[in-house]
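>>> Show me the folded form of this:
(one chain, ligands or ions: 2)
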Amino acid sequence: MASLPFELRGKSVYVAGHRGMVGSAIVRRLAQENVNLVTVDRREVDLCNQAAVLDWFATSRPQAVFLAAAKVGGIVANDELRAEFIYDNIAIGANVIHAAHLNGVEKMMFLGSSCIYPKLAPQPLREESVLSGPLEPTNEPYAIAKIAGIKMAEAYRSQYGCDFISVMPTNLYGPGDNYHPEYSHVVAALIRRFHEAKIMGTTSVTVWGTGAPRREFLYVDDMADACVHLMKTYSSAEPINIGTGADITIAEFAHLVAEVVGYQGEIRFDTSRPDGTPQKLLDISRLAAQGWSAATSLESGIAFAYRAYQSERGANPTGDL
Ligand SMILES: NC(=O)C1=CN([C@@H]2O[C@H](COP(=O)(O)OP(=O)(O)OC[C@H]3O[C@@H](n4cnc5c(N)ncnc54)[C@H](OP(=O)(O)O)[C@@H]3O)[C@@H](O)[C@H]2O)C=CC1
Ligand SMILES: C[C@H]1O[C@H](OP(=O)(O)OP(=O)(O)OC[C@H]2O[C@@H](n3cnc4c(=O)[nH]c(N)nc43)[C@H](O)[C@@H]2O)[C@@H](O)[C@@H](O)C1=O
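Residues are numbered from 1 along each chain as shown. Ligands and ions are numbered 1, 2, ... in the order given. Down below sits the predicted model:
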């Protein structure tokens, strides 16, 4: 097992999912680390294809891996595309973790999610709560796949001595998010909906659910900074949460987004839409003990994300981004 701090400088570092929201933020952050960045397009290597992944690892021989590739989406995508969410995420986790072991990767970080915690686990959510109760039904397939990834990292550490770690990010947002009207997460959905209502002069915007669920939001560049920090400083079989330690109701959050976007009309709640988990607030004591905390306030983060949306949208005015 590599000693701490793990030195990234000069290493060959593979970011899986480098075109995604988190992967691209990790790539931006790694620009400060003098690494030899390695990426591969999905059209060349589908991470669900075990033979292609094994071949690519044997040829490319990365020394460190950030596993930020996954089938990802908001509450409705998770609920409707249940087979894709469980199959793709189990396959990606199994193929990349096994290939990392076979090819002597010195350190690997697996990205889980706060949705792996039981629906009614005590708040704030401690890492010890994994597998302590039933999951939220809307994202159970995704959560099961993510739990499998955590347990694989743990098993390869204990049987083979691999320095594989798992991080549990809270809900993330920022540049490179997915703005699909049905399948996005709440931040991207509301930025888009309020923006379009402002432009069109619409007087009412609908927000899904009751507005009562509580969520914690982390800006993606903070997430990338935490990943790089933990890659260097954290080595344990225990997963580690990544969040801000503060949450907000969806109703409060919707008002905040409307304010940043400059939408002044009415906000309505559609209670026929799912609320999902009542609260997801991470306990960040383990992260704080590693000497990391988030730098971006929610207000500034939404403003940065709105600016990014406008420029991404400018490049693709009619698409779903
Ligand atoms: N977004 C969030 O709120 C949260 C995300 N996470 C985790 O963070 C990680 C990154 O998520 P995020 O950046 O938001 O997701 P994105 O959807 O933005 O990015 C996912 C990336 O994975 C790649 N990918 C998906 N399937 C395959 C495949 N079969 N082969 C190769 N590449 C593939 C995509 O490639 P391509 O671009 O070519 O399609 C994309 O680059 C995931 O592990 C996710 O579970 C955890 C908690 C919250
Ligand atoms: C990151 C996390 O993402 C998913 O879980 P989630 O936290 O429920 O994520 P969400 O962003 O989709 O919703 C958050 C809350 O917001 C409400 N909400 C209001 N209006 C809209 C809306 O317009 N779109 C969406 N998506 N939600 C809305 C929505 O009803 C819910 O109460 C997991 O499946 C899982 O994949 C996972 O790990």
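>>> Let me see the backbone angles for the residue of the chain found nearest ligand 1.
Using Cβ to the nearest ligand atom, G20 is the residue of the chain that sits closest to ligand 1, at 2.0 Å. All C-beta spots, glycine's among them, are computed from the backbone N, C-alpha and C. When read as degrees, to the nearest 10, the backbone of G20 gives phi -80, psi 180.
>>> same thing with the one 4 residues further on?
Geometry field for S24 lists phi and psi as phi -70, psi -30, criterion degrees, to the nearest 10.
>>> Please enumerate the helices of the stretch 151-300 of the chain.
Secondary structure of the stretch 151-300 of the chain, counting by DSSP state H, counting those that start in this stretch: helices at 186-200, 220-233, 250-261, 285-289, 298-315.
>>> In terms of secondary structure, what does the longest one contact?
With contacts defined as 3 or more Cβ pairs under 8 Å, 6 or more residues apart in numbering; DSSP states H and E, the packing partners of helix 298-315 are strand 171-173, helix 186-200, strand 217-219, helix 250-261.
>>> Who are the packing partners of the longest one?
Applying 3+ Cβ pairs under 8 Å, 6+ apart, one finds that helix 186-200 contacts strand 171-173, strand 204-208, helix 250-261, helix 298-315.
>>> Show residues contacting it.
Helix 186-200 is contacted by residues 74-75, 171, 173, 177-181, 184, 202, 204-208, 215, 217, 250, 253-254, 257-258, 261-263, 265, 302, 305-306, 309-310, 313 when judged by Cβ atoms under 8 Å, 6 or more residues apart in numbering.
>>> Of the helices and strands packed on helix 298-315, which is nearest ligand 2?
helix 186-200 (3.4 Å).
>>> follow-up on the earlier one: mean pLDDT for the helices of the stretch 151-300 of the chain: which is lowest?
Across the helices of the stretch 151-300 of the chain, helix 298-315 has the smallest mean pLDDT, namely a mean of 94.
>>> Measure how far that one is from the centre of its chain, please.
18 Å (Cα atoms, centre = their mean, to the nearest Å).
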